[in-house]
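**Q** Quick one, structure for this:
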Amino acid sequence: DGSMPALRHRKECYVESDVIAQYLDFFFQEPPMTDKKRFVAKAQEATDGLFPSIAKYLKHTPDGDEEDEALKSSLMEALSRLEEHLGDETDGERVGPYFVGNGEMFTLVDVSLAPKLYHMQTGLKEFKGNAIDIAADFPKLRKYMDDVFARQSFVDSIYPEETVVWGW
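**A** Sure, this is the predicted structure:
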């Protein structure tokens, strides 16, 4: 139907990013991208609703009106959940930079989350004058973004900022 991204394999077509990632992980398991289900569920709960909050805030005009401030607040709440999750050590000390469990393993949650955060970062800069200071307000999230954005797999697959802006 013209949607992007798209995957065709074994006569089946998929167009949702998360479904494609799960499909690839199921059929091509080296290296595995999933971790313990409890840790994945906890991470997914922390990311729930993030992208709709990003999209609503970035698309809203005019900036600074009452609705804009409410949408910004909603996004800040979603980012606070990410920050809190990255600082949570109830399941053990964090030993790696990634989002699930102790952060040691790059998982499908990271695969899904990183591009959303990249779009948010680009949109905040281009459309909202950096109205949210990620480094100051969410330092753990900023470190996570820096670490994931530096991965070669991310660098090799991300769109240039001008393409992201055009897509919004």
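**Q** Strands of this structure, residue ranges please.
**A** Using DSSP state E, the strands of the chain run over residues 7-9, 12-14.
**Q** how far out from the middle of the chain is the first one?
**A** It refers to strand 7-9. Distance of strand 7-9 from the chain centroid (C-alpha atoms, centre = their mean, to the nearest Å) equals 23 Å.
**Q** The last one now?
**A** Relative to its chain's centre, strand 12-14 lies at 23 Å (C-alpha atoms, centre = their mean).
**Q** Neighbouring strands of that strand in the sheet, and parallel or not?
**A** strand 7-9 (antiparallel) (DSSP bridges).
**Q** Show me the contact partners of the strand it pairs with.
**A** For strand 7-9, the surrounding residues in contact (C-beta atoms under 8 Å, 6 or more residues apart in numbering) are 13, 14, 15, 20, 23, 24, 27. Where you see a C-beta, it was placed from the backbone N, CA and C, and this is true even at glycine.
**Q** Now residue 151: closest residue in space that isn't a chain neighbour?
**A** Closest residue to residue 151 apart from its sequence neighbours, by C-beta to C-beta, 6 or more residues apart in numbering: residue 106 at 7.4 Å.
**Q** If anything else comes up later, I'll come back, but that's it for now.
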